[in-house]
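Chemist: Got a predicted structure here, sequence first:
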Amino acid sequence: MLGIAAIFSASIGRAGTGSVHPGPLSRADAFARAAALTALSRKMFFDPSLSASGKQACSSCHDPHHAFGPVSAAPVEMGGPRLDQPGLRAVPSLRYLQAVPAFTEHFHDSEDEGDESVDNGPTGGLTWDGRADRGKDQAKIPLLSPFEMANKDAAAVTAALRKAAYAGAFKAAFGDQVFDRPDDAFDAAAEALGTFEQSAADFYPYSSRYDAFLAGKARLTAQELRGRALFEDESKGNCASCHLSEPANDGEPPQFTDYGLIAVAVPRNPAIPANADPAYFDLGLCGPLRTDFHGRAEYCGLFRTPTLRNVALRKSFFHNGTFHTLRDAVAFYASRDSDPGRWYPKNADGTVREYDDLPRAYWPNLNQDPPFNGKKPGDKPALTDAEIDDIVAFLQTLTDADQQAGTVPAN
């Protein structure tokens, strides 16, 4: 239904020879249009000709066999006209983005113990810094990014669409003259891709073993149940404070994110070429990719909390891909401040360079909720090794059924 809603709300031309919306569609027509647009956009998603290189499709970085995330463990992917331009951030999964709210600086959650006065701060939006509110807005970013699909402009995308094998279907969906208006064609392409990413079967199937457990159709092992308890325990992992693990009040399955933006200061990743410049810092919400909050010091270092669904499939973690195992990602939370020497580099005199990817001026933005909780070097970590293993075991129950080994269909 979300895809159908997108169709009703779009403002560009519709099927037929004209460029004017034909008016309200019947329910049957709406479903038919949604199916046609999803089929079209699926072809676009896997089409490398929509890139300047002719070799990079959306699916090149968002592989359906890896929950529409990256296949490799590289912290960033290569793009550009010759596929020689490195990105700046790790590629996120596109699954379970259907309910992400539009970005707001002040989010009041009506489900927060019934108190709508609680301000949860910056929340929502797509991408690591929340700079796109809708799927069609997000889809435009890689199409034009110089280190991704690298099209020069809307006209370049339109030229590629005009030559595509599905050009006829594109005109049937958006009007016979759509290619004569490059900006409209570009908007149409973005709308189509955004609609595809609202396809429930592909992007939010809710088919994990944990979903079956919540429905009373599966059991968790003793270790997985311990991990769940630790995940939710406010004095231990406290993971569920940001990665919500209970169904919503309306019964919707848990999204494993509150969509908030938070600063946790993961270590700087020297494998990202941009980080070779010691003056370069990716500060998330306050830039450099997002520009509307440049100079807002209180927002520097904040990145959007991703869903943990299918997290066990990832080979790199956090916005800079600095960790390569799920266990290390969990362990970092448990001992970031109690054992900083484990995570951060050392200076020549042996002192630890804490929070080395966040300038000191922005350290007040760091999250200090449990499990961080104001710990100092040498303090007891929030979780033992065995407890970390238990949480990892629980997180492995969040993998969708179609992503399990041997069950992912061919494209």
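Modeler: Happy to help now that I have it.
Chemist: going forward, measure contacts between C-alpha atoms and count neighbours the same way
Modeler: Will do.
Chemist: which residues of the protein fall in strands?
Modeler: 78-79, 85-86, 261-262, 303-304 (DSSP state E).
Chemist: what comes into contact with the first one?
Modeler: Same thing as strand 78-79. 56, 84, 85, 86, 87, 146, 147, 148, 149, 150 (Cα atoms under 8 Å, 6 or more residues apart in numbering).
Chemist: Run a quick neighbour tally on the last one.
Modeler: Read it as residue 150. 25 (other Cα atoms under 10 Å).
Chemist: any idea how far it is from residue 275?
Modeler: 21 Å (Cα to Cα, to the nearest Å).
Chemist: now the third one
Modeler: From residue 85 across to residue 275, the span is 14 Å (Cα to Cα).
Chemist: With the fourth one instead?
Modeler: Computed with Cα to Cα, the distance linking residue 86 and residue 275 is 11 Å.
Chemist: List the residues that contact residue 28.
Modeler: Contacts for residue 28 (Cα under 8 Å, 6+ apart) come out as none.
Chemist: mind showing which ranges of the chain have poor pLDDT?
Modeler: Within the chain, the ranges that satisfy pLDDT under 70 run 1-25, 110-117, 406-411.
Chemist: what residue is smack in the middle of it?
Modeler: residue 92 (4.2 Å; Cα atoms, centre = their mean).
Chemist: I figured it was touching residue 67, is that so?
Modeler: No - counting by Cα atoms under 8 Å, residue 92 does not reach residue 67; the two are 9.7 Å apart.
Chemist: Now do the contacts for the closest residue in space to residue 324 that isn't next to it in sequence.
Modeler: Leaving aside its sequence neighbours, residue 324 sits nearest to residue 316 (Cα to Cα, 6 or more residues apart in numbering; 4.4 Å). When contacts are counted by Cα under 8 Å, 6+ apart, residue 316 touches 73, 74, 75, 90, 322, 323, 324, 325.
Chemist: go with 6 Å
Modeler: 73, 323, 324 (Cα atoms under 6 Å, 6 or more residues apart in numbering).
Chemist: so how far is residue 47 from it?
Modeler: Separation of residue 316 from residue 47 (Cα to Cα) stands at 25 Å.
Chemist: Over to residue 310?
Modeler: Look at residue 310 and residue 47: by Cα to Cα, they are 25 Å apart.
Chemist: same question, residue 323
Modeler: Distance, residue 323 to residue 47, using Cα to Cα: 31 Å.
Chemist: Who is the closest residue to residue 93 other than its chain neighbours paired with across the strands?
Modeler: The shortest distance from residue 93 to any non-neighbouring residue, by Cα to Cα, 6+ apart, is to residue 69 (4.0 Å). Assessed by DSSP bridges, residue 69 has beta-bridge partners residue 63.
Chemist: Residue 69: neighbouring residues, count only.
Modeler: Around residue 69 there are 24 residues (other Cα under 10 Å).
Chemist: ditto for residue 201
Modeler: Neighbour tally, residue 201, other Cα under 10 Å: 11.
Chemist: now swap in residue 34 and tell me
Modeler: 23.
Chemist: Ok, residue 251 next?
Modeler: There are 8 residues near residue 251, going by other Cα under 10 Å.
Chemist: With residue 291 as the reference, measure out to it.
Modeler: Distance of residue 251 to residue 291, computed by Cα to Cα: 37 Å.
Chemist: next one: residue 311
Modeler: Going from residue 311 to residue 291 by Cα to Cα gives 29 Å.
Chemist: Would you mark the buried spots in stretch 77-97?
Modeler: Neighbour counts using 16 or more other Cα atoms under 10 Å place 77-81, 83, 85-97 of stretch 77-97 among the buried residues.
Chemist: now the helices: where do they sit in the stretch 51-200 of the chain?
Modeler: Counting by DSSP state H, counting those that start in this stretch, the stretch 51-200 of the chain has helices at residues 58-61, 135-144, 154-163, 167-174, 182-196, 200-203.
Chemist: So which of these is the most surrounded?
Modeler: Here the criterion is mean neighbour count by mean count of other Cα atoms under 10 Å, and of these the winner is helix 182-196, at a mean of 23.
Chemist: Taking helix 154-163 as reference, get the angle to it.
Modeler: With axes from the mean of the first three to the mean of the last three Cα atoms, to 10 degrees defining the directions, helix 182-196 sits at 70 degrees from helix 154-163.
Chemist: Looking at the protein, which helix is longest?
Modeler: Longest helix in the chain by number of residues, with DSSP state H as the criterion: helix 27-45.
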